[in-house]
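K.L.:
predicted structure and sequence below. I'll ask about it afterward.
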Amino acid sequence: MDASGLIAIGAGLAVGLAAIGTGWAQGRIGSAGVGAVAEKPEMLGSVILLIAIPETMVILGFAVAAMVLLLSGGGGG
């Protein structure tokens, strides 16, 4: 395996692992948020905000993957 293959694997891991962490966090926050909104409906805005915050991990993972691919010149085959 040459360097461009390893670069592509690294970029994929950056996005994939960030997505797994985000999914796990959003699942736990979402289940707690549904319970909170069931008791206090006025908390809906706060719960939506808390569910959206972990999504920044995927955005940062994508940014890292793009930087790895673009700055190394790899990933093109």
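P.N.:
On my side now, so go ahead.
K.L.:
relative to Ile48, how far out is Leu13?
P.N.:
30 Å (Cβ to Cβ, to the nearest Å). The way it works is simple: take the backbone N, C-alpha and C, and place the C-beta from them, glycine included.
K.L.:
actually, Ile20.
P.N.:
Taking Cβ to Cβ, one finds Ile20 at 22 Å from Ile48.
K.L.:
show me which of Leu13 and Ile48 is the more surrounded one.
P.N.:
Counted by other Cβ atoms under 10 Å, Leu13 and Ile48 do not tie: Leu13 has more neighbours, with 14 against 11.
K.L.:
which of the helices or strands spans the more buried one?
P.N.:
Taking DSSP states H and E as the definition, Leu13 sits inside helix 3-39.
K.L.:
buried ones in that helix?
P.N.:
7-8, 10-11, 14-15, 18, 22, 25-26, 29, 33, 37 (16 or more other Cβ atoms under 10 Å).
K.L.:
let me have those in TSV, extended by distance to Gly73.
P.N.:
Output for these, formatted as TSV (distance: Cβ to Cβ, whole Å):
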residue	distance to Gly73
Ile7	9
Ala8	12
Gly10	14
Ala11	12
Ala14	17
Val15	19
Ala18	23
Thr22	29
Ala25	33
Gln26	34
Ile29	38
Gly33	43
Val37	48
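K.L.:
for Lys40, grab phi and psi.
P.N.:
With angles defined as degrees, to the nearest 10, Lys40 sits at phi -130, psi 90.
K.L.:
look up how far Pro54 lies from it.
P.N.:
According to Cβ to Cβ, Lys40 stands 22 Å off from Pro54.
K.L.:
looking at those two, which one has more neighbours?
P.N.:
Pro54 (18 against 11).
K.L.:
please name the residues that touch the more buried one.
P.N.:
21-22, 25-26, 29 (Cβ atoms under 8 Å, 6 or more residues apart in numbering).
K.L.:
any idea how far Ala19 is from the closest residue to it other than its chain neighbours?
P.N.:
With sequence-adjacent residues excluded and distances taken as Cβ to Cβ, 6 or more residues apart in numbering, Pro54 is closest to Ala25, at 4.1 Å. For Ala25, the distance to Ala19 equals 11 Å [Cβ to Cβ].
K.L.:
thank you kindly, that will do.
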